[in-house]
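Novice: How does the following fold in three dimensions:
(2 chains)
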Amino acid sequence: MTAFELDAEFVMDVEQLVREHHAPVYRYAYRLTGSVPDAEDLTQQTFLIANQKIGQLRDATRSLGWLFTILRRCFLNECRQRVETPASNLEMALEQIPEEIPADSIDREQLQAALVSLSDEFRLVLVMFYFEDCSYREIAEKLELPIGTVMSRLSRAKQHLRRALHPDEIHKSERRAIRQAIEANG
Amino acid sequence: MVDERLIEAIECCRGKSEDLALEEMALLAERLRGDKKLAEQFQRLQQLDAKIADAFPDVPVPDGLAERLVARLREEESAREKVATDKESSQPTLRRPNLRGPHRRTAWVAALLATAAAVLLVVRQDWFTAPEQPLTVGELRMAASDWYEPIQEKDDWRALPPPEGYAISPRVNLRARRWTHFSGAGDGIAYDLSPPGSRHGTYLLVVRSVVKGLVPNPPRKPLWTQGRGIAEWQSGELAYVLVVEGPIHRYRKILDTGVGPLARVQPRSPVKLRSDSPS
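Specialist: Below is the predicted model:
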């Protein structure tokens, strides 16, 4: 990379960030909030804060991750200000894993319905894991949580998600088989 | 009894990553090596995770979202600049005084008084061989203002390199494109640091002079006026004046102010100019 290319990125303004990243930021916001107006508000809030703090962005190649960080903080601040909804019943268990992975894509509304039935902290780790492609260690680092806490939340949230996506529980036998396999070797 | 740690490990581990080599995955890695059925199950879970991950970005983006965001940002920016301008309305600006109408006489009187003062100063220096008076910040700023005001009409830019002895401050995170002489406050050089394609100009004036009252570091908050920031500082025998056009965050990006968060940023590695020819 030459100096001027570097400098051109260095002076990138927030309008350029909007043009390049508004779609993934909005999608992230929608998966977290579950409603179009809330997602748009959160997206707007994210870019307004980005505009104030754009001097902190030192590497244009990391701008999307930087925006996601702002978005998460906005979301968490909102969460703290409202009454927490109780977590869904997240029993610890290996959940349904289909014997055959369905060829059809997962319905986006069904996925969203499953997400909004989770409490905020469980939904957040799921979105970070699936949408942002974070590892559990990265999630722990970004949320400043112990690794064990994140692993527990992520595990339970994933099981809940699969249960919501496969409500007929046709794969209970598979779950039992896994448990038996683990126990037999335990 | 199922080991819940193992269940959590299965759920959290990404099979294609290096997760399995991590300490907390040791138990899972060991089981997967010795249990074919569990390994198959694990693989299927990975496939299902990939399928679910594919569904997450499947969200339609509302029409006109980007335009609404940009409009909102511009509103915010205008409001901030208005507040900044209002706050600084009592401070000196880089705008040249309007010399029309009732201001003309005042300006002439001021010019005559300044001339008289200059003559007196020369006479005094002649008679008493007094030491040269250092420049003040106000004089430096006024000289910079006079140089800057017709910036769009300047046609005496020269190709790099400039004469030696007028180094760009290492606090400035931009490179020069071209230079010209600046003689409003002693011998000096004006650099054009505007990045190619940027709609906002950036200029650095370097004067070989010790200016009375100048701070040793670029200020965190520049004088903000007329949509541009102006900052002065002294480094050794060189005085610097930086003019940054555009929103205030450009100033913070361009400068390492030596204090606060910006100072913690690692210095940028030296970069080379693509072209030294004047544009």
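Novice: Below-threshold pLDDT in chain A: ranges please.
Specialist: A:1-12, A:80-104, A:167-186 (pLDDT under 70).
Novice: The same query, at a cut-off of 80, please.
Specialist: A:1-13, A:55-60, A:78-105, A:166-186 (pLDDT under 80).
Novice: Also the stretch 151-279 of chain B?
Specialist: B:184-186, B:197, B:212-213, B:220-228, B:247-249, B:252, B:256-279.
Novice: Could I get the pLDDT score of B:Pro62?
Specialist: On the pLDDT scale, B:Pro62 is placed at 93.
Novice: pretty sure it contacts A:Tyr26?
Specialist: Yes - counting by Cβ atoms under 8 Å, B:Pro62 touches A:Tyr26, with 7.5 Å between them. In this view, the C-beta of every residue, glycine as well, is placed from N, C-alpha and C.
Novice: Looking at the two, which is more packed in?
Specialist: Neighbours were counted for B:Pro62 and for A:Tyr26 using other Cβ atoms under 10 Å in any protein chain shown; A:Tyr26 has more, 25 against 16.
Novice: Mind listing residues that contact the helix or strand hosting that one?
Specialist: If you go by DSSP states H and E, A:Tyr26 is part of helix A:14-33. The contact list for helix A:14-33 (Cβ atoms under 8 Å, 6 or more residues apart in numbering or on different chains) reads A:36, A:38-40, A:42-43, A:46-47, A:50-51, A:54, A:63-64, A:67-68, A:71, A:75, A:112, A:115, A:123-124, A:127, A:131-132, B:56-57, B:59, B:61-62, B:65-66, B:69-70, B:73.
Novice: Residue 158: neighbour count?
Specialist: This is for chain A. The number of residues near A:Lys158, taken as other Cβ under 10 Å, comes to 25.
Novice: meant chain B actually
Specialist: The number of residues packed near B:Arg158 is 13, by other Cβ under 10 Å.
Novice: how far away is it from A:Leu32?
Specialist: Applying Cβ to Cβ, to the nearest Å, the value for B:Arg158 to A:Leu32 is 54 Å.
Novice: ditto for B:Arg72
Specialist: For B:Arg72, the distance to A:Leu32 - Cβ to Cβ - is 20 Å.
Novice: between the two, which one's more packed in?
Specialist: Shown here are B:Arg72 and A:Leu32; by other Cβ under 10 Å, A:Leu32 has more neighbours (26 against 16).
Novice: Let me see the ranges of the strands in the chain.
Specialist: Defaulting to chain A. Secondary structure of chain A, counting by DSSP state E: no strands present.
Novice: The chain in question should be chain B.
Specialist: B:135-136, B:178-182, B:188-192, B:202-208, B:211-212, B:223-225, B:228-235, B:238-245.
Novice: Need the ones you listed in a markdown table (columns: mean neighbour count and distance to B:Gln41).
Specialist: Shown next, in a markdown table, are those (neighbours: other Cβ atoms under 10 Å in any protein chain shown; distance: least, Cβ to Cβ, whole Å):
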| stretch | mean neighbour count | distance to B:Gln41 |
| --- | --- | --- |
| strand B:135-136 | 17 | 78 |
| strand B:178-182 | 20 | 66 |
| strand B:188-192 | 24 | 65 |
| strand B:202-208 | 23 | 60 |
| strand B:211-212 | 18 | 74 |
| strand B:223-225 | 18 | 62 |
| strand B:228-235 | 22 | 61 |
| strand B:238-245 | 24 | 60 |
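Novice: Any chance of TSV for those, columns distance to B:Ala39?
Specialist: Formatted as TSV, the strands of chain B follow (distance: least, Cβ to Cβ, whole Å):
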stretch	distance to B:Ala39
strand B:135-136	77
strand B:178-182	65
strand B:188-192	64
strand B:202-208	59
strand B:211-212	73
strand B:223-225	63
strand B:228-235	61
strand B:238-245	60
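Novice: Take those and lay them out in TSV including distance to chain A.
Specialist: Listed next are these as TSV, based on distance: least, Cβ to the nearest Cβ, whole Å:
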stretch	distance to chain A
strand B:135-136	30
strand B:178-182	13
strand B:188-192	13
strand B:202-208	9
strand B:211-212	27
strand B:223-225	15
strand B:228-235	12
strand B:238-245	10
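Novice: so B:Ile52 touches A:Leu111, yeah?
Specialist: Yes - assessed by Cβ under 8 Å, B:Ile52 is found in contact with A:Leu111 at 7.4 Å.
Novice: Spit out the residues that contact these two alike.
Specialist: Contacts common to B:Ile52 and A:Leu111, judged by Cβ under 8 Å, 6+ apart, are A:Leu161, A:Leu165.
Novice: Could you report the separation of the nearest residue to A:Asn51 once chain neighbours are set aside from B:Arg250?
Specialist: Closest residue in space to A:Asn51, ignoring its immediate chain neighbours: A:Val14 at 4.2 Å, by Cβ to Cβ, 6 or more residues apart in numbering or on different chains. A:Val14 is 11 Å from B:Arg250, where distance means Cβ to Cβ.
Novice: Who has more neighbours out of these two?
Specialist: More neighbours surround A:Val14 than the other of A:Val14 and B:Arg250, with 25 against 21 (other Cβ under 10 Å).
Novice: Would you mind listing the buried residues in stretch B:71-79?
Specialist: Buried residues in stretch B:71-79, defined by neighbour count with 16 or more other Cβ atoms under 10 Å in any protein chain shown: B:Arg72, B:Leu73, B:Glu76, B:Glu77.
Novice: From the residues you listed, which land in helices?
Specialist: Residues of those located in helices (DSSP state H): B:Arg72, B:Leu73, B:Glu76, B:Glu77.
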